[in-house]
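# here's my sequence, what's the structure:
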Amino acid sequence: MVSMMTERLLLRRPGEEDVEPLALMNADPEVMRYIGDGSALPPDLDRTAAGLARVRREWDERGFGMLSVVVRETGRFAGWVTLTVPDFLPQVLPAVEIGWRLRRECWGHGYATEAAGELLRFGFAECGLDRVVSIRHVGNLRSERVMDKLGMRFAFETVVPAHGRPVAVHEITKAAHDALRVRPADG
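Numbers count the residues shown, from 1 in each chain. This next block holds a predicted model:
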């Protein structure tokens, strides 16, 4: 079972306990504003459980996937972070994308950067990835700031074929990531 710890967060494979909070998060219009076509999803527990079953299979097939983000201090589900293949945007393929989604009350605490930073490290160190992309809707400044903090650099803008919304693609290579993690010794 894959799990990771950061200073404040537990990242773990999703379980049945995540179905309800995930469904409620996906039903929040503000959370979903920059996801897909921008529509909130109905809080359908069966649909959410089926989605989590697919996520667990992805881990088994690829060796990476979505992790639930849990605040260690409270044990509360904060959202998720993922490494996945962005099939919705064929022009970036082959690629692995890092992404995140947090409950609104968890915004502004640095959780997205902390969780994504740990998963990015895992992707490069444990999965052997050479390059990771991140895709955000143009105008999603919060995600752009997270990408900047992760050391990702803007690559290009394009449009998602399925719904026609403009997106910006950011990327980081393993070499660039490793260079960011190397700190000179104090003199």
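# when you work out contacts or count neighbours from here on, use the C-alpha atoms and nothing else.
Noted.
# number of nearby residues for Leu89?
For Leu89, the count of nearby residues is 17 (other C-alpha atoms under 10 Å).
# which residue, other than its chain neighbours, is closest to it?
Nearest non-adjacent residue to Leu89, counting by C-alpha to C-alpha, 6 or more residues apart in numbering: Val160, 6.0 Å away.
# show me where the protein has helices.
All helices of the chain, identified by DSSP state H, fall at 19-26, 45-62, 111-125, 141-149, 174-181.
# format these as CSV; extra columns: mean neighbour count and mean pLDDT.
CSV is the format used below for the helices of the chain (neighbours: other C-alpha atoms under 10 Å; pLDDT from 0 to 100):
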stretch, mean neighbour count, mean pLDDT
helix 19-26, 20, 95
helix 45-62, 15, 92
helix 111-125, 21, 97
helix 141-149, 17, 97
helix 174-181, 13, 92
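# of the ones you listed, which approaches Pro94 most closely?
helix 45-62 (13.8 Å; C-alpha to C-alpha).
# quick one, that closest one and helix 19-26 angle?
Per axes from the mean of the first three to the mean of the last three C-alpha atoms, to 10 degrees, the angle that helix 45-62 makes with helix 19-26 is 100 degrees.
# centre-most residue in this protein?
The residue lying closest to the centre of the chain (C-alpha atoms, centre = their mean) is Gly99, at 2.2 Å.
# grab the nearest non-local neighbour of it.
With C-alpha to C-alpha, 6+ apart, the residue lying closest to Gly99 is Thr82, at 5.2 Å.
# beta-bridge partners for the one you found, please?
Beta-bridge partners recorded for Thr82 (DSSP bridges): Met66, Gly99.
# just the pLDDT at it, thanks.
The model reports Thr82 with a pLDDT of 97.
# in contact with it: list those residues for me.
64-67, 97-100, 116, 119 (C-alpha atoms under 8 Å, 6 or more residues apart in numbering).
# which one of these has the most neighbours?
Neighbour counts for these were taken using other C-alpha under 10 Å; the highest belongs to Leu67, with 26 neighbours.
# on that earlier part again, could I get the helices of the chain as a markdown table with distance to Pro90?
As requested, those are exported to a markdown table (distance: least, C-alpha to C-alpha, whole Å):
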| stretch | distance to Pro90 |
| --- | --- |
| helix 19-26 | 24 |
| helix 45-62 | 18 |
| helix 111-125 | 21 |
| helix 141-149 | 21 |
| helix 174-181 | 22 |
